[in-house]
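Engineer: A structural model of the following input is requested.
(one chain, ligands or ions: 2)
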Amino acid sequence: MNAESLDGRLLFAIPKKGRLHEKCLELLVGADIQFRRHQRLDVCLVKNHPIALVFLPASDIPSFVGKGNVDLGITGQDVIIEAKMEKHITEVLQLGFGKCALQVQVPEAGPIQTSEALAGKRVVTSFEVLSGQYFSKIDDSLQLTGENRTKIEYVGGSVEAACALGLADGIVDLVESGDTMRAAGLHAIATVQQTEAVLIKSSKPKHEYLEPLIKLITSRIAGVVAAGKYVVCEYNILRSKLHAATSITPGRRAPTISPLEDEEWVAVSSMVEKSKTADVMDKLVTIGAEDILIFNLDNCRV
Ligand SMILES: Nc1ncnc2c1ncn2[C@@H]1O[C@H](COP(=O)(O)OP(=O)(O)OP(=O)(O)O)[C@@H](O)[C@H]1O
Ligand SMILES: O=P(O)(O)OC[C@H]1O[C@H](OP(=O)(O)OP(=O)(O)O)[C@H](O)[C@@H]1O
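Structural biologist: Ligands and ions are numbered 1, 2, ... in the order given. A predicted model of the protein is given here:
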């Protein structure tokens, strides 16, 4: 592939490995962005749109997008701030995966149990900027100066080993389930930043003519994200209970109400947040709803 074959194409950066990679591939499939990645090449052409996918480390994507070298990208909110690119990037869509928290962690049974007690000591992290900002505020509030300020040291990985190796008094690292943290004998004492994966574009796009395509891709991806977030809930309910029922399932705009042969009853169809399904069904049963059915969505535009 040469530079000419990329001419006029929208460049879309996707994490090439790590926690976000597989989920991004699922999104591309759901949005019908068709491609074949030959021999793990880092640039590949999309067959059914004028788009080229660029596979990059998640942490490099903010600066590529922020500087306008690529037009669109997916990465974590954490690495956008860490790359100091917030001002150069527009967050187009939250994607609902890659959710975790950057947390201050210390040995469970150790003498240090607050961020204030850790201030002035050694903190190891892969997130120097975010950790630096966080401890700088605490150092200022404690009026720590010079050598007495918190020492932030960068490591590229295996951050959780730093305390056991005697390299650090505490660490700042990402936590999702907490398994990695607990396995290292650590626990969290504060949250520096919540994060999730986001679709981003440059705040000053270089190629205005690509805006309609960016809108189309955004709308398709939003459909896939919403389909993963909602289910359709259908049930029958006595007309006299309809008010109570629709306050349990108000839908996104309004529920669909259909008459049944038995005039005392109606059928209700409504979108419900997937995470609330069990609770909603319990409440519907309590007010006498019958034949409650839940349908997963493959795709949608809402
Ligand atoms: N345990 C996790 N759960 C959810 N999201 C995560 C988790 N770990 C990381 N992320 C998200 O994925 C992004 C990329 O992290 P990941 O650990 O996959 O990096 P990577 O690309 O493999 O880089 P490296 O291995 O070089 O650190 C993070 O910045 C964060 O937004
Ligand atoms: O709370 P948990 O569910 O255990 O997830 C947290 C871990 O996930 C990430 O690392 P990952 O496993 O992606 O590997 P990495 O250290 O190579 O980045 C992160 O750096 C933590 O170590």
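Engineer: Please, where are all the helices along the stretch 1-150 of the chain?
Structural biologist: Ranges of helices within the stretch 1-150 of the chain are 21-30, 61-66, 77-82, 115-118, 128-141, based on DSSP state H, counting those that start in this stretch.
Engineer: hang on, I meant the stretch 201-302 of the chain
Structural biologist: Counting by DSSP H, counting those that start in this stretch, the stretch 201-302 of the chain has helices at residues 211-229, 242-248, 277-286.
Engineer: name the helices or strands packed onto the second one?
Structural biologist: Of the remaining helices and strands, those touching helix 242-248 by 3 or more CB pairs under 8 Å, 6 or more residues apart in numbering; DSSP states H and E are strand 265-273, helix 277-286. Where you see a C-beta, it was placed from the backbone N, CA and C, and this is true even at glycine.
Engineer: what residues does the stretch 151-300 of the chain put near ligand 1?
Structural biologist: Taking CB under 6 Å from any ligand atom as the measure of proximity, the stretch 151-300 of the chain contacts ligand 1 at 157, 174, 176, 195.
Engineer: tally of neighbours for residue 283?
Structural biologist: Residue neighbour count, defined by other CB atoms under 10 Å, stands at 16 for residue 283.
Engineer: List the contacts of it.
Structural biologist: Going by CB atoms under 8 Å, 6 or more residues apart in numbering, residue 283 touches residue 248.
Engineer: What distance do you get for it to residue 254?
Structural biologist: Distance, residue 283 to residue 254, using CB to CB, to the nearest Å: 18 Å.
Engineer: So in terms of bridging, what pairs with the nearest residue to residue 13 once chain neighbours are set aside?
Structural biologist: With CB to CB, 6 or more residues apart in numbering as the criterion, residue 13 has its nearest non-adjacent residue at 3.6 Å, and that residue is residue 73. According to DSSP bridges, the partner residues bridging residue 73 are residue 13, residue 200.
Engineer: so how many other residues sit close to residue 73?
Structural biologist: 29.
Engineer: Quick check, it in contact with residue 20.
Structural biologist: No - counting by CB atoms under 8 Å, residue 73 does not reach residue 20; the two are 10.8 Å apart.
Engineer: Which residues are in contact with the residue lying closest to residue 47 once chain neighbours are set aside?
Structural biologist: Once flanking residues are discounted, residue 47 sits nearest to residue 34: 4.5 Å by CB to CB, 6+ apart. Residues counted as contacts of residue 34 (CB under 8 Å, 6+ apart) are 46, 47, 48.
Engineer: and those as CSV, adding pLDDT and distance to ligand 1?
Structural biologist: Formatted as CSV, the contacts of residue 34 follow (pLDDT from 0 to 100; distance: CB to the nearest ligand atom, whole Å):
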residue, pLDDT, distance to ligand 1
46, 96, 22
47, 95, 26
48, 95, 28
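Engineer: Now do the phi/psi pair for residue 252.
Structural biologist: phi -80, psi -50 (degrees, to the nearest 10).
Engineer: brain fart, residue 193
Structural biologist: phi -160, psi 130.
Engineer: how near is it to residue 115?
Structural biologist: Look at residue 193 and residue 115: by CB to CB, they are 14 Å apart.
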